[in-house]
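S.K.: What follows is a predicted structure for the sequence shown.
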Amino acid sequence: MKKAVLMILLCGWLSPVWAGQWTIAVLALRGDTHALAQWQPLINHLNRQFPDESFQLLPLNLADMGEAVSNGQVDFLLTNPAQYIQLDNSYPLRWLVSLRSSKNQQNASNNVIGSVILVRRDSTVTKATQLTGKKVGAVSPDAFGGYLLGYKELLAAGVHPEKDLQLHFSGYPVDALLYLLRDRALDAAIVPVCLLEEMEKEGLLKASDYRALLAKPSTQPCLTSSVLYPNWSFAALNHVPDPLVDELTRQLLQMNTPDLPAWGAPASSRQVDLLLRDLDRHPAQRSLWQEIHSWALQHLLLLGALAGGMLLLGANHLWIGHLVRQRGRELEQMHMTLRARESALARAQRLSTLGEMASGFAHELNQPLAAIRHYAEGCRIRLERSDPQHELLPILEQIGQQAQRGAETIVNLRQWVSKTPHHESAQWLMLRPLVENVIKLMRIEQHYPQCRLVVIIAPKSQLYSQATLLEQVLTNLLSNSLQAGSQQITLRLETDGDRQTLILEDDGGGLSAEQLAQPFVPFRSTKSEGLGLGLVICQRLLRSQQGELTLENYSISPQRQGLRVTLHFPGIKKETSHGADTSGR
């Protein structure tokens, strides 16, 4: 109990000490020194009128004043009405009195705050629109007389400062703007009304060196470019005791000292409030995001339904897109299949036509070839009777043999077209004489002297096949290698048990990967005049004898490759009854 009483007495003794310290924050437009010189007489007067209280002055700029109020470092404010509205929206303020201008004429309006847009007297700028692209100075983006009022007038004149001008914010003190304009660092400056006249009165510059853009008539003896607004206000924060606030207000209203400012009833803030709203700078105005958030909170069910609908629509869109893509792939596959079938049908039609042509050729050529063979044989018999050593006898014999060879070739062609396996005429052949005969008939040494032929086949090697068929296949393969520009062609026979393979290797560059993938496609040729049937015919002829033909590239050197063609013959066990065709046929 004693402790409680002691604490109450101690608090009562300390409260007058702490309650008597009051800080008045003032907006220092022209810097701390000028603010102290201008407002310290008022502080001294208040200290004399309130001997039990202690008032002190704290000059601040716009940003620092807001921070000081937030931190509770000040008790009273002396600032322009725009900042009062900004602070009053966040903190409880009481507007006590408004400043009366000493420059006011009798019965004139008490509105004295405004902006003037100044240029140098010798500047070529006479209209606001001529400021486009030029450097224009101002105090700060939130300065009332030092930017916002001039900003509004420029907008009304068709100039958007933030887009059309090169804005330069110099901060406090405001005097720096006029010095920068004087020194041509700026093309124009937005400054508070009467600043120019005050600096001239102080001998800092000459007002005649400047002129105003968008000049307006005014009850003030100062240049102005904007409408004038109410003067500064004196406000108290909510924590200041009411008796002190009431007495301070009474003292300010009764103040009638020539060297001290005059005060009157608080001016209406409606004009300033409307201005800030027009410029979207009012603290009570919500941003677009805030408006959207508020509307969303009020319509959560509607938004949920919309979101669900959009989700369903999105899922439906994705599903339809998936089906469309799937159907597109199916259609593309069907299209490719159709094209492949069309191509196969076209090849089949061409092969059918070729078969008909081959049958027609065989039918038409068989009789002339038989007649040639019979005439040659008849001539040979007659010459042989009259002169067994006649020099034309070997030639007539060769004519007969070639006519017989042509007839057998036609037979092979008809067998290939009809796809009917036929190997009744196959026999054991002396392979090397047959190869040499093909080389001789093709006259490779005469037509291709640059090509070297290497035949690695033993003289008595035998191969079970049809002579005309083998000659036709070898002729086609050798022609392909020679036409590919081969410098060397090698022919060799390999035997593995009963199976035999005849290998032809050249150095003509080989085939492409696409050609190797499908080497036996009819009517596809790399030659300008080729039909693309040579390899197809060779494959069919070998298969008619139960054989096979394969192709592969092989490396001759790191820079060059060739083609290896392998003829696979079926395994036929040699029987004594077959004998051998020593003529190579």
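M.R.: Everything's here; your move.
S.K.: how about the strands in the stretch 51-200 of the chain?
M.R.: 54-60, 76-79, 93-100, 111-113, 115-120, 135-138, 166-169, 188-192 (DSSP state E, counting those that start in this stretch).
S.K.: Send over the last one as CSV, restricted to the C-alpha atoms.
M.R.: Taking only C-alpha atoms (Å, rounded to 0.1, in the frame of the first residue of the first chain), the coordinates of strand 188-192 have been written out as CSV:
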residue,chain,number,x,y,z
ALA,A,188,12.0,26.1,-66.3
ALA,A,189,11.2,25.6,-62.6
ILE,A,190,8.1,25.0,-60.6
VAL,A,191,8.4,26.9,-57.3
PRO,A,192,5.9,28.2,-54.5
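S.K.: Just name whatever secondary elements that strand is in contact with.
M.R.: Contact here means 3 or more CB pairs under 8 Å, 6 or more residues apart in numbering; DSSP states H and E; on that basis strand 188-192 packs against strand 115-120, strand 135-138, helix 175-182. For every residue, glycine as well, the C-beta is placed using N, CA and C.
S.K.: what do you get if the cut-off is 10 Å, keeping everything else the same?
M.R.: Other helices and strands packing on strand 188-192, by 3 or more CB pairs under 10 Å, 6 or more residues apart in numbering; DSSP states H and E, are strand 115-120, strand 135-138, helix 149-156, helix 175-182, helix 195-201, strand 210-213.
S.K.: starting at the chain centroid, how far to the second one?
M.R.: Its chain's average C-alpha position is 39 Å from that of strand 135-138, according to CA atoms, centre = their mean, to the nearest Å.
S.K.: Show me what that strand pairs with in its sheet, parallel or antiparallel.
M.R.: Using DSSP bridges, strand 135-138 pairs in its sheet with strand 166-169 (parallel), strand 188-192 (parallel).
S.K.: would you turn the ones you listed into TSV with mean neighbour count, mean pLDDT and distance to residue 488?
M.R.: Converted to TSV, these look like this (neighbours: other CB atoms under 10 Å; pLDDT from 0 to 100; distance: least, CB to CB, whole Å):
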stretch	mean neighbour count	mean pLDDT	distance to residue 488
strand 166-169	14	93	82
strand 188-192	28	94	92
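S.K.: Which one, of those strands, ends up nearest to residue 365?
M.R.: strand 166-169 (97.6 Å; CB to CB).
S.K.: Now tell me what touches that closest one from outside.
M.R.: 131-143, 146-147, 151, 161, 177, 180, 185-187, 189-190 (CB atoms under 10 Å, 6 or more residues apart in numbering).
S.K.: Pull the distance from it to the chain's centre.
M.R.: Using CA atoms, centre = their mean, the offset of strand 166-169 from its chain centre is 36 Å.
S.K.: Can I get it in CSV, CA atoms only?
M.R.: What follows is strand 166-169, C-alpha atoms only, in CSV (Å, rounded to 0.1, in the frame of the first residue of the first chain):
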residue,chain,number,x,y,z
GLN,A,166,12.7,15.9,-68.2
LEU,A,167,11.8,16.3,-64.5
HIS,A,168,14.5,17.2,-62.0
PHE,A,169,13.6,17.1,-58.3
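S.K.: gap between the longest helix along the chain and the chain center?
M.R.: For the chain, the helix with the greatest residue count under DSSP state H is helix 300-386. In terms of CA atoms, centre = their mean, the centre of helix 300-386 is set 41 Å apart from its chain centre.
S.K.: Quick check: mean pLDDT of it?
M.R.: Here helix 300-386 scores 79 as its mean pLDDT.
S.K.: How about stretch 273-283?
M.R.: Mean pLDDT, stretch 273-283: 78.
S.K.: deepest of the strands of the stretch 51-200 of the chain, which one?
M.R.: Highest mean neighbour count among those (mean count of other CB atoms under 10 Å): strand 188-192, with a mean of 28.
S.K.: so what does the longest helix of the chain touch, helix or strand wise?
M.R.: helix 288-298, helix 393-418, helix 534-544.
S.K.: The same query, at a cut-off of 6 Å, please.
M.R.: Contacts defined by 3 or more CB pairs under 6 Å, 6 or more residues apart in numbering; DSSP states H and E place helix 300-386 against helix 393-418.
S.K.: I'd like the next helix or strand past the helix it packs on.
M.R.: Per DSSP states H and E, the first helix or strand lying C-terminal to helix 393-418 is strand 427-430.
S.K.: tell me the contacts of residue 235?
M.R.: Going by CB atoms under 6 Å, 6 or more residues apart in numbering, residue 235 touches 77, 93, 95.
S.K.: Tabulate the residues you listed (JSON lines), appending distance to residue 457 and pLDDT.
M.R.: Compiled in JSON lines, the contacts of residue 235 are given as follows (distance: CB to CB, whole Å; pLDDT from 0 to 100):
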{"residue": "77", "distance to residue 457": "118", "pLDDT": "92"}
{"residue": "93", "distance to residue 457": "117", "pLDDT": "87"}
{"residue": "95", "distance to residue 457": "122", "pLDDT": "86"}
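S.K.: Kindly reformat the residues you listed as CSV containing distance to residue 203.
M.R.: Below are the contacts of residue 235 laid out as CSV (distance: CB to CB, whole Å):
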residue, distance to residue 203
77, 31
93, 38
95, 36
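S.K.: wait, which of these is closest to residue 307?
M.R.: residue 93 (43.3 Å).
S.K.: what's the distance between that closest one and residue 251?
M.R.: 19 Å (CB to CB, to the nearest Å).
S.K.: re earlier: the strands of the stretch 51-200 of the chain: lowest mean pLDDT?
M.R.: It's strand 111-113: among these, that one has the lowest mean pLDDT, namely a mean of 81.
S.K.: Run the chain-centre distance for that strand.
M.R.: Mean-position distance between strand 111-113 and its chain equals 56 Å (CA atoms, centre = their mean).
S.K.: Kindly report the same for stretch 211-220.
M.R.: 54 Å.
S.K.: Now do it, average pLDDT.
M.R.: Taken as a whole, stretch 211-220 has an average pLDDT of 87.
S.K.: So which bits of it are buried?
M.R.: 211, 212, 213, 214, 218, 219, 220 (16 or more other CB atoms under 10 Å).
S.K.: one step back: take the strands paired with strand 135-138 and write them to JSON lines, including distance to residue 513.
M.R.: What follows is those, written out as JSON lines (distance: least, CB to CB, whole Å):
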{"stretch": "strand 166-169", "distance to residue 513": "66"}
{"stretch": "strand 188-192", "distance to residue 513": "76"}
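S.K.: closest one to residue 485 among the strands of the stretch 51-200 of the chain?
M.R.: Nearest of those (CB to CB): strand 166-169, 74.8 Å.
S.K.: Flag the shaky bits of the chain, pLDDT-wise.
M.R.: Where the chain drops to pLDDT under 70, the residues are 1-19, 102-110, 284-291, 293-294, 344-364, 366-367, 408-425, 521-533, 574-585.
S.K.: Tell me which residue lies farthest from the centre of it.
M.R.: residue 386 (96.2 Å; CA atoms, centre = their mean).
S.K.: Tell me who's in contact with that one.
M.R.: Residues near residue 386 by CB under 6 Å, 6+ apart: none.
S.K.: how near is it to residue 380?
M.R.: Relative to residue 380, residue 386 is positioned 11 Å away (CB to CB).
S.K.: go on, residue 511?
M.R.: 46 Å.
S.K.: Next, format the strands of the stretch 51-200 of the chain as CSV and append distance to residue 555.
M.R.: Shown next, in CSV, are these (distance: least, CB to CB, whole Å):
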stretch, distance to residue 555
strand 54-60, 89
strand 76-79, 93
strand 93-100, 95
strand 111-113, 95
strand 115-120, 86
strand 135-138, 75
strand 166-169, 72
strand 188-192, 83
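S.K.: Could you double-check that residue 180 sits in contact with residue 191?
M.R.: No - applying CB atoms under 6 Å, one finds residue 180 not in contact with residue 191, separated by 10.7 Å.
S.K.: Perfect, I'm done here.
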